[in-house]
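Undergrad: prediction below, plus the sequence it came from.
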Amino acid sequence: MRKKENTAYSTLTQNFNLLIDEPLKKYTSIKIGGPADLLALPKNKQELKGLLKKASDLNILITLFGGGTNLLVTDKGIRGLVVITKHLKSKINIIKTEPDKKIIFTDAGERLSKVCQFAINHSFSGLEFAAGIPGTIGGAIMMNAGTKSGDMSDIVQSIDVLDQKTLTFKTIEKKDLDFSYRRLKLTDIIVGATLALKEKPIEKIEDAFKLNLSKKNATQPVSFASAGCFFKNPAQGKSAGELIEKSGLKGARVNDAMVSQKHANFIVNMNNATCEDVLLLKQHIEKTVLKKYQIKLQTEVRVEGE
Ligand SMILES: Cc1cc2nc3c(=O)[nH]c(=O)nc-3n(C[C@H](O)[C@H](O)[C@H](O)COP(=O)(O)OP(=O)(O)OC[C@H]3O[C@@H](n4cnc5c(N)ncnc54)[C@H](O)[C@@H]3O)c2cc1C
């Protein structure tokens, strides 16, 4: 254990099944990240609640991960407890069907791709925009993941959360959720969600999924380790990718961190990139784009750690 003298850590490890000094590169799609002091993969809501209660009594900091597909973890890693929510899953259920609305419930740890497949199988439309977006439902809602053709805020009807302060479960309706571009303002832990979809002929849904997926595969470096689009698109004008490409930065490199040749808004890990390499490249991109276009790019990827 990183801090053997830390009795709070020892108490927590005695009570729960935790990994100690676990390398976080194993849990991020960009395959970068130093160790977590402690790491938990709770399998259900009650285990999550018990863990959070004990960690909060012991004043241990918590960091949440879903699928780790939008995260960049520092080389020193994360102090305290990392809670990975991707095992919080059971069954996707249809909970209400009305002529114009099909409501499904899914746990937060469910893969977005699995929920998309469920929608296709039942002829439910609404998730076509999400074709090819990796990660979990919890992470997708937190990031308000999406594309030009839609995002999670279009279909979320309500979310079930564990309130981090009171450690109680509650449901929050859409009207009380503060969604914006690639963001949901929320301090709670998402444990489940209801999504409102619509019935449509299956062929139309399948065609839309196929089209979106083929566009993604044709334009994004999906087979390389990355955390998706690195920067948010500015509110108007050129996209972040266009700004970076037109600044001549495709292929720019700091050691094994490289601006993708296929899509300039992706920083890919060519083999052994560190977080420091990625952050140096990020700074170089920001400076170059600022100088050429007087636009300050905002990071979409979330950086976590010491
Ligand atoms: C190849 C590739 C393509 C991508 N394409 C797209 C795209 O087209 N559109 C797009 O929007 N994104 C895209 N992304 C980014 C990423 O896949 C999405 O943001 C995804 O929704 C993140 O989900 P996740 O479970 O991996 O979240 P993580 O990366 O694990 O976490 C993201 C944030 O959500 C928080 N979080 C995770 N789970 C919970 C929870 N249960 N409760 C509360 N907070 C939680 C985390 O603390 C973190 O702040 C892409 C990524 C890759 C690697």
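TA: Structure received. Numbering: from 1, shown residues only.
Undergrad: the longest strand belonging to the chain pairs with which strands?
TA: For the chain, the longest strand by residue count, based on DSSP state E, is strand 189-199. Sheet pairing of strand 189-199 (DSSP bridges) gives strand 101-107 (antiparallel), strand 124-125 (antiparallel), strand 156-162 (antiparallel).
Undergrad: now do the strands in the stretch 51-200 of the chain.
TA: Taking DSSP state E, counting those that start in this stretch as the criterion, the stretch 51-200 of the chain contains strands spanning 62-65, 71-73, 78-84, 93-98, 101-107, 124-125, 146-147, 150-151, 156-162, 169-173, 178-180, 183-185, 189-199.
Undergrad: got the buried residues for the longest one?
TA: Using 16 or more other CB atoms under 10 Å as the burial criterion, the residues of strand 189-199 that qualify are Ile189, Ile190, Val191, Gly192, Ala193, Thr194, Leu195, Ala196, Leu197, Glu199. All C-beta spots, glycine's among them, are computed from the backbone N, C-alpha and C.
Undergrad: which ones are touching the nearest residue to Asp107 once chain neighbours are set aside?
TA: On the basis of CB to CB, 6 or more residues apart in numbering, the spatially nearest residue to Asp107 that is not a chain neighbour turns out to be Lys89, at 4.4 Å. Going by CB atoms under 8 Å, 6 or more residues apart in numbering, Lys89 touches Thr106, Asp107, Ala108, Gly109, Glu110.
Undergrad: swap in Gly77?
TA: Gly77 makes contact with Pro23, Leu24, Gly33, Gly34, Pro35, Ala36, Asp37, Gly305, Glu306, according to CB under 8 Å, 6+ apart.
Undergrad: ok, the fifth one to the ligand distance?
TA: Computed with CB to the nearest ligand atom, to the nearest Å, the distance linking Pro35 and the ligand is 17 Å.
Undergrad: before we move on, what about the last one?
TA: When CB to the nearest ligand atom is the yardstick, Glu306 and the ligand sit 16 Å from each other.
Undergrad: show me what from the stretch 101-250 of the chain comes close to the ligand.
TA: 108, 133-136, 138-140, 142-143, 145-147, 182, 189-190, 222, 226-228 (CB under 6 Å from any ligand atom).
Undergrad: show me what the nearest residue to Glu173 once chain neighbours are set aside bridges to in the sheet.
TA: In space, Glu173 comes closest to Ser158 once its chain neighbours are excluded; the distance is 4.9 Å by CB to CB, 6+ apart. Under the criterion DSSP bridges, Ser158 forms beta bridges with Glu173, Thr194.
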